[in-house]
Structures are given as structure tokens and as C-alpha cells.
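> Need coordinates for the below:
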Amino acid sequence: MKKLFIILLLLLSNSLMAQESKIETSNPRINNPFGIMINFGGPSLLLSASVDYYVNSNVNIEVGTGFIGAFAGAKYHFNGEQETKKWTPYLGLYLTHIPRITFFNSVPPRNGFYIPVGIQYMSTNGFTFGFELAGISLENIAGGSPVWGALKLGYHF
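Purely as a prediction, here's the structure:
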């Protein structure tokens, strides 16, 4: 009976200690999930700023605003679960809104989709760089190019 009690006590203490230990990982998307980005091009067409968050190592959600418009969406990073992967290709879907522009002529507000295909580098300390090409579909636009792109620089922590 005494031996059984000691064995149970050892097993219980071992399981309690196991719950307190933190699992270390070298995956930068898990270690640095929250980010701030500067986008040259992208869903708001010119310069914009955005914040993003990795829900898990593959799924990233992003919200931003720029000189012309606002956007929100998500990206799926292929191979994002691999700990040693600093470069990850991705595919995304964003909703974008371009408000009424009245510089020299009146352009009505436009809503649409921005579908990027790109690659992103994230270092272990959080520096982030990305490049993407995207299909863009805006309502009430005539003669615009359906292909767009972006250069993204930022930091994740």
C-alpha cells in the first residue's frame, strides 16, 4: 500500500511538472504572431499600414487602411507549420473598399475583392518582408487593370 502511494505521488508530481513546462519552438509565426506592416501597393492601391495576427502557423488575418481605401482579409501560408521555414508562399482573400474620390473628377465608391499570391520571409527576431501579385476585382471601374501587387515590410512580435 505504501509503495502504491509513493508511485501515485511520483506520477502526480511528474504530470504537474509537465504542465508547467513551456514548449520551445523555432517557428517564427508561432513565436511572433502579432505584426505591423507597411504596404507599398496592395488592396488600398497605394501606400497603406496594416496589423496582422497569426491564428496558427498557417492562417494569418490582416486589417489595414491607406491613402485610398481600407481592407480586411486572410492569408493561408503553405508550409507555415514547418519550424525551419522562414520563407512561406501564401494565397489570400481580402475585401477592399475604395471611398469616393473627388480630386479632378468624381469617382464613385467601390468595393471588391483582392486575391494575392505571394511569398513572405519572417526572421526569428520578427523582421518581415513580402512580395505579392494579386487579382483585383472592383465594382464601378472601367478600363482598370485586374492585376495588382504589393511590397510589404514589417515587424512581428
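> Relative to residue 91, how far out is residue 37?
To residue 91, residue 37 is 17 Å away according to C-beta to C-beta, to the nearest Å. For the C-beta atoms, the positions are set from N, CA and C on the backbone; glycine is no exception.
> between the two, who's got more neighbours?
Each of residue 37 and residue 91 has its neighbours counted (other C-beta atoms under 10 Å); residue 37 has more, 21 against 14.
> Identify the bridge partners of that one.
The partner list for residue 37 in beta bridges (DSSP bridges) reads residue 50, residue 154.
> and if you look at residue 119?
Bridge pairing for residue 119 - DSSP bridges - gives residue 89, residue 131.
> Might you report the residue contacts of it?
Going by C-beta atoms under 8 Å, 6 or more residues apart in numbering, residue 119 touches 87-90, 130-132.
> Distance of it relative to residue 66?
22 Å.
> And residue 42, by the same measure?
To residue 66, residue 42 is 7 Å away according to C-beta to C-beta.
> the more surrounded of those two?
The neighbour comparison of residue 42 against residue 66 (other C-beta under 10 Å) goes to residue 42, with 29 against 22.
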